[in-house]
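Participant: Fold the following.
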Amino acid sequence: MSGSAHATKPTAHAHLDEAWPSQRRVVPGDLLQGDVERFALFLDCDGTLLDIAATPNDVRVPPGLVELLVRLSKKLGGALAILTGRQLAEIDALLAPVEFVGAGVHGAELRAAAGGRITRVANALPASLVEEIVRRTQSRPGIIPEPKGPGIAVHYRLAPHLKDAVEADLRGLLGRYPDDLVLCPGRKLFEIIPAGHSKGTALETILGLPGFAGRQPIMIGDDMGDMPALAAAQRLGGAGMRVAGEQFGDSDVELHGPADVIAWLQRLADRLGA
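Facilitator: Here you go, the predicted model:
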């Protein structure tokens, strides 16, 4: 997802600023030659499993994807998690009827067991802030606000010429909350999320759960918001694989789009006998 990589307060969301450890590039095929039974899979959704669409509601789930994820999860003893910027309830609707372990709103929501309760681990955004953001977007055709409880996304995909104005507006509003909230760039969007939460913190938390502990974390993602989890997976003895898109170019990635991700997951399923 495009945009600058800094946050409103440089130290408030340090995980987002974690540099990609470029000295450890991954060859996707080589990973499949190892002990794949010990993998713990961490998967972004939009741009990784699903092609990006004009609006969040327009995404389509490829035929067979849910069944593939279910097979992988079973063969990995349940060690498959979705790490997403969306709310987990949205992911549940997309991947119905399955409810995977996962984290939503960049770590502000957590589900610790498949089919279990979603726990909010960060406070909801101030109602006055959400109302002000929604009010301001109403005067800008093509700008779509997406409140998410602990976070809010503001999409400018349909009006890319307004990117700078949207960012300036949001940064101005966040000046009221310098220690509590951060602004994260994404694929034609900006997201406001609680400081101290990220997909990286979520990966670390989930990796300590029964069924995940002691496994090799494999994170796949396509966006700036995935960088903390990509780096955390490598730091914790696993691997991170970037997916080409608006954030990463073809020369910088391990996988070249959602179709390539699904093909790799199918190869993994074959290795596991799933």
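
Participant: any idea how far residue 51 lies from residue 220?
Facilitator: Here the criterion is Cβ to Cβ, to the nearest Å. By it, residue 51 lies 15 Å from residue 220. To be clear about C-beta, it is placed using only N, CA and C from the backbone, and glycine gets the same treatment.

Participant: and what of residue 204?
Facilitator: Summarising the geometry, the distance separating residue 204 from residue 220, computed by Cβ to Cβ, is 17 Å.

Participant: that older thread, out of residue 51 and residue 220, which sits in the busier spot?
Facilitator: In this view residue 51 and residue 220 are compared by other Cβ atoms under 10 Å, and residue 220 has more residues nearby, 26 against 15.

Participant: what about the more buried one, distance to residue 189?
Facilitator: Distance of residue 220 to residue 189, computed by Cβ to Cβ: 20 Å.

Participant: Same check on residue 105?
Facilitator: Using Cβ to Cβ, one obtains 13 Å as the distance from residue 105 to residue 189.

Participant: Neighbour count for these two, which is higher?
Facilitator: Here residue 105 and residue 189 are set side by side on neighbour count (other Cβ under 10 Å), and the busier one is residue 105, at 27 against 24.

Participant: what about the more buried one, distance to residue 86?
Facilitator: Distance from residue 105 to residue 86, counting by Cβ to Cβ: 7 Å.

Participant: Then residue 52?
Facilitator: Computed with Cβ to Cβ, the distance linking residue 52 and residue 86 is 13 Å.

Participant: Could you name every residue contacting both of these two?
Facilitator: residue 46 (Cβ atoms under 8 Å, 6 or more residues apart in numbering).

Participant: who's more crowded, the two?
Facilitator: The residue with more neighbours, out of residue 52 and residue 86 and counting by other Cβ under 10 Å, is residue 86; that gives 25 against 20.

Participant: The more buried one - nearest residue in space that isn't next to it in sequence?
Facilitator: With Cβ to Cβ, 6 or more residues apart in numbering as the measure, residue 104 is the residue that lies nearest to residue 86, at 6.0 Å, once sequence neighbours are left out.

Participant: Would you mind listing the residues in contact with the one you found?
Facilitator: By Cβ under 8 Å, 6+ apart, the neighbours of residue 104 are 84-91, 110, 118, 148.

Participant: where exactly do the helices run in the stretch 101-250 of the chain?
Facilitator: Ranges of helices within the stretch 101-250 of the chain are 127-137, 163-174, 199-207, 227-235, based on DSSP state H, counting those that start in this stretch.

Participant: Format these as TSV; extra columns: mean neighbour count and distance to residue 156.
Facilitator: Compiled in TSV, the helices of the stretch 101-250 of the chain are given as follows (neighbours: other Cβ atoms under 10 Å; distance: least, Cβ to Cβ, whole Å):
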stretch	mean neighbour count	distance to residue 156
helix 127-137	15	10
helix 163-174	15	5
helix 199-207	24	22
helix 227-235	25	21
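
Participant: Let me know which of those helices is the nearest to residue 96.
Facilitator: helix 199-207 (21.3 Å; Cβ to Cβ).
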